[in-house]
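K.L.:
Sequence first, then the predicted structure, then my questions.
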Protein chains: 2
Amino acid sequence: LAALSARGLTGLPEIAAGDDLAALIVASLGEEPLRDGQVVAIAHKAVSKAEGAVVALAEVRPTARARELAVAHPDGGEGRDPRAVQVVLDQSAEILRAERGVLICRTHHGFVCANAGVDASNTSTEAGVETLVTLPLDPDASARRIRARLRELTAADGRAPAAPAVLISDSFGRAWRHGQVDVALGLAGIQPLDDWRGRTDAGGLELRATWLAVADAAAATADLARAKDSREPVVILDGLERFVTVEDGPGAVALLRPLEEDMFR
Amino acid sequence: LAALSARGLTGLPEIAAGDDLAALIVASLGEEPLRDGQVVAIAHKAVSKAEGAVVALAEVRPTARARELAVAHPDGGEGRDPRAVQVVLDQSAEILRAERGVLICRTHHGFVCANAGVDASNTSTEAGVETLVTLPLDPDASARRIRARLRELTAADGRAPAAPAVLISDSFGRAWRHGQVDVALGLAGIQPLDDWRGRTDAGGLELRATWLAVADAAAATADLARAKDSREPVVILDGLERFVTVEDGPGAVALLRPLEEDMFR
């Protein structure tokens, strides 16, 4: 088994709406071209910003429910901005819990996470304009688009076009454990899950519950290679060739439990 | 930032009760000695087997409750062995849910996972004896013991003693996502969490909810470097020096949300 490795891509500029993220990635790679079988892992914020999935707080009109939640669930003791709560509500299909200053939401995509993935950090490029970054509208489609563009750009370079997989991730909290780990929001060309259920192991015994969330483990690996205070939204993963596919595949949506299997509704 | 890398250790024998796991690891490393700052990630089953945390089904007397659960929650259509259910009950402080063939348990340690982490796979060394592997009794203590022994053995080699961190992991399912990822059960010498809450990012903005579960991400990385059908319980991680500490630290128990913060009781 080849070793697994992950390295953060340095030198990417701050991403703004309309940016060609794939082109910026290719430019930052320098002399080391992308290869088939690699995974390009991207923190969702870079994708959201390039796609303009950003909301200026000044333009938000909070509803009565947002005002009510802002008062009932202050963030760390401070009053919460009802406009920020409204942005979270707009991104949510359902609020599962509202406790201890955090709204646990099911987003319109089906992700269950704190504050519907709406984030204030790392966002301001225009000084003085308070903005929030939301999750990409359709992260699997974003991943497919970036993958196609990476292939196009590497072909235009005069090289054989490379079709590395693309993984878009965000840091999610967990129900019973402290802290956050990155999970896959959008995928193109990487298997989301590796199903060993019912197969036998090296000793001939049945592996009863082995159903690896490969893409989520890859997202966690990428985030671990990234320093939170540096601007390294992109991490290149090597050693996952066995999970990289020519087809874009089912996407990260395949990682979501259907509502009727949610044990905690 | 140095690249993160993970490689599975080949050539470890099948582990049996009483084995000196640290000695087997050092022997398998061959010419490449352990270094300070590395993380030795071990699938819990190897630790459990070395510690004799194994139950022979033939010696289990199921209670009425185990018989009842075995009938009410068959595993994949087949009848469940009430003795296996009894082992799960013995390992659990609380059964949170019993649905679709899976018991979601809070173990005596405080881990929330399917079937209390009791596992049948990769276990049989004595042909014909049906055994189950349980989680180690105190995985943080196991990690500290293995770390101390690794230091002792590398010193005995005539080299400067290396104090790599030790991480014991298991694959856990998730509440709202399919599949499993590895999480940390026991830790010695690696920071469980990296707390950036309240600090500012490179752009001077406050990072509002950045609380990285470093040890869980490291566990997921190690598992991704491991092929499920090969016998590679041990993975060596490089590039995590910034999270490795001289002290053994608080252990994986620091990753558990206290009961009163569990939003899903």
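P.N.:
Looks like it arrived, so ask away.
K.L.:
What ranges does the stretch 1-150 of chain A have for its helices?
P.N.:
Remark: helices assigned in the stretch 1-150 of chain A by DSSP state H, counting those that start in this stretch are A:21-29, A:44-50, A:64-72, A:82-91, A:139-156.
K.L.:
Find the one among those helices with the highest mean neighbour count.
P.N.:
helix A:44-50 (a mean of 25; mean count of other C-beta atoms under 10 Å in any protein chain shown). The C-beta positions use only the backbone N, C-alpha and C, and glycine is treated the same way.
K.L.:
Can you dump the C-alpha atoms of that helix in CSV for me?
P.N.:
Provided in CSV are the C-alpha atoms of helix A:44-50 (Å, rounded to 0.1, in the frame of the first residue of the first chain):
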residue,chain,number,x,y,z
HIS,A,44,-15.9,25.0,0.9
LYS,A,45,-15.4,28.7,1.7
ALA,A,46,-13.1,29.2,-1.3
VAL,A,47,-15.8,27.6,-3.5
SER,A,48,-18.6,29.6,-1.9
LYS,A,49,-16.7,32.9,-2.4
ALA,A,50,-15.8,32.1,-6.0
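K.L.:
where along the stretch 51-200 of chain A do the strands fall?
P.N.:
A:54-56, A:92-99, A:102-107, A:112-114, A:131-133, A:165-173, A:180-188, A:194-195 (DSSP state E, counting those that start in this stretch).
K.L.:
Same list, the helices of the stretch 1-150 of chain A, but as a markdown table with distance to chain B and mean pLDDT please.
P.N.:
What follows is the helices of the stretch 1-150 of chain A, written out as a markdown table (distance: least, C-beta to the nearest C-beta, whole Å; pLDDT from 0 to 100):
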| stretch | distance to chain B | mean pLDDT |
| --- | --- | --- |
| helix A:21-29 | 14 | 95 |
| helix A:44-50 | 11 | 96 |
| helix A:64-72 | 15 | 91 |
| helix A:82-91 | 10 | 94 |
| helix A:139-156 | 14 | 94 |
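K.L.:
With distance to A:Thr245 as extra columns, can I get those in TSV?
P.N.:
TSV is the format used below for the helices of the stretch 1-150 of chain A (distance: least, C-beta to C-beta, whole Å):
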stretch	distance to A:Thr245
helix A:21-29	19
helix A:44-50	21
helix A:64-72	42
helix A:82-91	30
helix A:139-156	11
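K.L.:
pretty sure A:Leu153 is touching A:Ala27, no?
P.N.:
No: counting by C-beta atoms under 8 Å, A:Leu153 stays clear of A:Ala27, with 9.2 Å between them.
K.L.:
So which of the strands of the stretch 51-200 of chain A is nearest B:Gln86?
P.N.:
Nearest to B:Gln86, of all these, is strand A:194-195, at 28.9 Å by C-beta to C-beta.
K.L.:
Stretch A:186-193 close to chain B?
P.N.:
Yes: applying C-beta under 8 Å from any C-beta of the partner chain, one finds stretch A:186-193 in contact with chain B at A:Pro192, A:Leu193.
K.L.:
Give the rounded mean pLDDT of that stretch.
P.N.:
Mean pLDDT, stretch A:186-193: 98.
K.L.:
mind listing what the residue in the stretch 51-200 of chain A positioned nearest to chain B touches?
P.N.:
Residue nearest to chain B within the stretch 51-200 of chain A: A:Gly179 (3.2 Å; C-beta to the nearest C-beta). With contact taken as C-beta atoms under 8 Å, 6 or more residues apart in numbering or on different chains, A:Gly179 is in contact with A:Gly173, B:Pro192, B:Leu193, B:Trp211, B:Leu212, B:Ala213, B:Val214, B:Asp216, B:Leu255.
K.L.:
Show me which of those residues has the smallest pLDDT value.
P.N.:
Across the contacts of A:Gly179, the bottom pLDDT score, 89, is held by B:Trp211.
K.L.:
for chain A, which spans come out with low pLDDT?
P.N.:
In the prediction, chain A carries residues with pLDDT under 70 at positions A:1-2, A:75-79, A:100, A:121-129, A:199-209, A:227-230, A:263-265.
K.L.:
Skipping adjacent residues, who's closest to the most centrally placed residue in chain A in space?
P.N.:
With distances taken as C-alpha atoms, centre = their mean, chain A has A:Ser169 as the residue nearest its mean C-alpha position (2.0 Å). Excluding the flanking residues, the one nearest A:Ser169 by C-beta to C-beta, 6 or more residues apart in numbering or on different chains is A:Ala219, at 3.7 Å.
K.L.:
Distance-wise, check that neighbour relative to B:Gln191.
P.N.:
20 Å (C-beta to C-beta, to the nearest Å).
K.L.:
more crowded one of these two?
P.N.:
Applying other C-beta atoms under 10 Å in any protein chain shown to A:Ala219 and B:Gln191 shows that A:Ala219 carries more neighbours, namely 34 against 20.
K.L.:
pretty sure the more buried one belongs to a helix, no?
P.N.:
Yes: counting by DSSP: H, G, I helix; E, B strand; the rest coil, A:Ala219 is found in a helix.
K.L.:
which residues touch it?
P.N.:
A:Ala41, A:Leu167, A:Ser169, A:Val181, A:Asp182, A:Val183, A:Ala184.
K.L.:
Likewise for A:Thr245?
P.N.:
A:Ala165, A:Gly189, A:Ile190, A:Gln191.
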